[in-house]
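Q: What follows is a protein structure lacking sequence information:
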């Protein structure tokens, strides 16, 4: 049972059908109680905060007006879906949100029938809801409503534009709600942001929009011919009152708004009206991240996106200050090192798709703003934009989360690798991403990058190697170069080592041994060091090699390993299908090494759920103890119990 107490009205709501039993005048109090419950839980359990507070009234209105789950509600990304989870049967479990074996932090079809589409990556809602709407039409379910809730940040992605383009010509019962708060995680950028600002701040437009709305509300009384006439009048007014014609109207979406997304009673009335208007529609709602919690309203939306634990009464974010100097986050090593490199090499530029804070490219954006680019939530564009700069002799460092890079795979292949362009891909959050779960795990980049011709694939075991790989990647035209590193901290408190060149494709022997060889790739090699110590306590002599490059492989090192050992373990924080272990097996087959047993440790051929990184590593058997146990089993020795 939950340790958190819901308010008087919220405690009576288990599913949306319970919500609909209340009177409209109760919705304001329900919204207050829902917001307070989110504050109570997230302040002590952590999670995505500002986005969910910003859509509390919207969430209440949607579930009050629409007959969910029959009417299908699709949330984009899912950062803002906490209120939705609380109203759809998961309040008593909500304290387990993002915790190992608990609720997912995002909408998930297997978790609830109210989660109509699994999300985590942005900008999928319009296409998914349109697909559902067309399916309902084909099944004869003409009364079924389909609602996509998408933020103005997510609207910048190409997929959202593609969905709008198709949706405008389909005879479908589709409502797109544009949640406009001028933010994704960092402030939004681009022409669409400026356009939405024009709409929401136009005094002339806002003065007459209510009259237009009143006119539209009476359309159903006059039949289809009158409706067409009124729509022409509406389009003409909207186009004349804005600096340019309404973008959404030009795609055949009926545009309504902007309205106050925090006025739950007005929003309820608007949604009731929209239910009776056929065809594709878009409702523009103005909201504020962190709404209703003063520290979040007054503070940085980026800071309050996922603030960690905090004192709900004072707004003070709780931070544990360690006594000793701690290693930095890998992303910060990247951020400081690219500035160091760019100050010496004027050809270097930085690119990120809407994640300057998450990737630490914001450090370069502050130091050298003219050479650092946030292109919005547009991974495909980020890659091809980088490729374009590379054709002109620049050296783009394109920083994208490993999981998000999957969205731009075609561009990596055709626009960069096929032309052998000098683009450096820095893949943050490689491996298990932790509490964000399977939508964010960077499980596949080793496999998908090493299969591409011309691509160099590297991963550092520590901060020094990351710096040296970045230095090597920009040193000369090496063609496309991929560097992966995990979420979280490294291992070197004194990390700012002198930059030096690495030989591409050269690994490193960390430790000699006689009984078994452990080949690691990337930061996970630090687990292998611990495993070797555990094995030594049991008189097992393990050699350890840091491969550093998955492509090209260090063949000289591998010949040494296969020539000496018949028991070999590979370790990677990535999928074993096609990963570094597969590369080692391919090498063994190509060179006729038939007498060695190779055991691959990594992410299995399954989608692994959320939890801390160590919990997930342990589940998959490549935590330090798991590695040691595998090695001991391979040599036929049972390990002593660990001291507690």
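A: It's in. These numbers were taken from a predicted model, which means no experiment stands behind them.

Q: what's the neighbour count on residue 575?
A: Counted with other Cβ atoms under 10 Å, the neighbours of residue 575 add up to 24. C-beta coordinates here come from the backbone N, C-alpha and C atoms, glycine included.

Q: From residue 96, how far off is it?
A: 27 Å (Cβ to Cβ, to the nearest Å).

Q: Check residue 362 too.
A: Counting by Cβ to Cβ, the gap from residue 362 to residue 96 is 33 Å.

Q: So which of these two has more stuff around it?
A: residue 362 (19 against 16).

Q: Phi and psi next, for residue 146.
A: Here is the backbone geometry of residue 146 (degrees, to the nearest 10): phi -140, psi 120.

Q: Could you say which helix or strand holds the nearest residue to it once chain neighbours are set aside?
A: Leaving aside its sequence neighbours, residue 146 sits nearest to residue 133 (Cβ to Cβ, 6 or more residues apart in numbering; 4.2 Å). Assigned by DSSP states H and E, residue 133 belongs to helix 125-138.

Q: what is the mean pLDDT for that helix?
A: The pLDDT scores in helix 125-138 average 96.

Q: just checking, what packs against the helix or strand following it?
A: Note on helix 125-138: by DSSP H and E, the next helix or strand toward the C-terminus is strand 146-151. Applying 3 or more Cβ pairs under 8 Å, 6 or more residues apart in numbering; DSSP states H and E, we find strand 146-151 packed against helix 56-65, strand 72-75, helix 125-138, strand 174-180.

Q: Could you name the helices and strands sitting against the longest one?
A: Read that as helix 125-138. Applying 3+ Cβ pairs under 8 Å, 6+ apart, one finds that helix 125-138 contacts strand 72-75, strand 146-151, helix 158-167, strand 174-180.

Q: how about those in JSON lines, adding mean pLDDT, distance to residue 269 and mean neighbour count?
A: Below are the helices and strands packed on helix 125-138 laid out as JSON lines (pLDDT from 0 to 100; distance: least, Cβ to Cβ, whole Å; neighbours: other Cβ atoms under 10 Å):
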{"stretch": "strand 72-75", "mean pLDDT": "97", "distance to residue 269": "19", "mean neighbour count": "26"}
{"stretch": "strand 146-151", "mean pLDDT": "95", "distance to residue 269": "16", "mean neighbour count": "28"}
{"stretch": "helix 158-167", "mean pLDDT": "94", "distance to residue 269": "25", "mean neighbour count": "19"}
{"stretch": "strand 174-180", "mean pLDDT": "94", "distance to residue 269": "15", "mean neighbour count": "26"}
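
Q: Nearest approach to residue 543 belongs to which of those?
A: Among the helices and strands packed on helix 125-138, the nearest to residue 543 by Cβ to Cβ is helix 158-167 (47.2 Å).

Q: so residue 609 touches residue 439, yeah?
A: No. Contact criterion Cβ atoms under 8 Å: residue 609 and residue 439 do not qualify, at 10.6 Å.

Q: follow-up on the earlier one: with residue 166 as the reference, measure out to the residue nearest to residue 146.
A: Counting by Cβ to Cβ, the gap from residue 133 to residue 166 is 11 Å.

Q: again, but for residue 305
A: 31 Å.

Q: Grab the nearest non-local neighbour of residue 42.
A: residue 49 (5.0 Å).

Q: For burial, what's the neighbour tally of the one you found?
A: Residues lying near residue 49 (other Cβ under 10 Å) number 25.

Q: repeat for residue 318
A: 11.

Q: The one 4 residues further on too?
A: A total of 6 residues lie near residue 322 under the criterion other Cβ under 10 Å.

Q: again, but for residue 404
A: Residue 404, neighbours per other Cβ under 10 Å, totals 24.

Q: who touches the helix or strand where it lies?
A: Residue 404 belongs to helix 402-405 when elements are defined using DSSP H and E. Contacts with helix 402-405, where a contact means Cβ atoms under 8 Å, 6 or more residues apart in numbering, come from 121, 353, 355, 379, 412, 425, 427-431, 433, 439-445, 484.

Q: Which ones among these map onto strands?
A: 425, 427, 428, 484 (DSSP state E).

Q: What about those, which one has the most neighbours?
A: Going by other Cβ under 10 Å, residue 484 tops the ones in strands among the contacts of helix 402-405 with 31 neighbours.

Q: how does the protein divide into domains?
A: Using automatic domain parsing, the domain ranges for the chain come out as 10-180+256-298, 330-484, 508-635.
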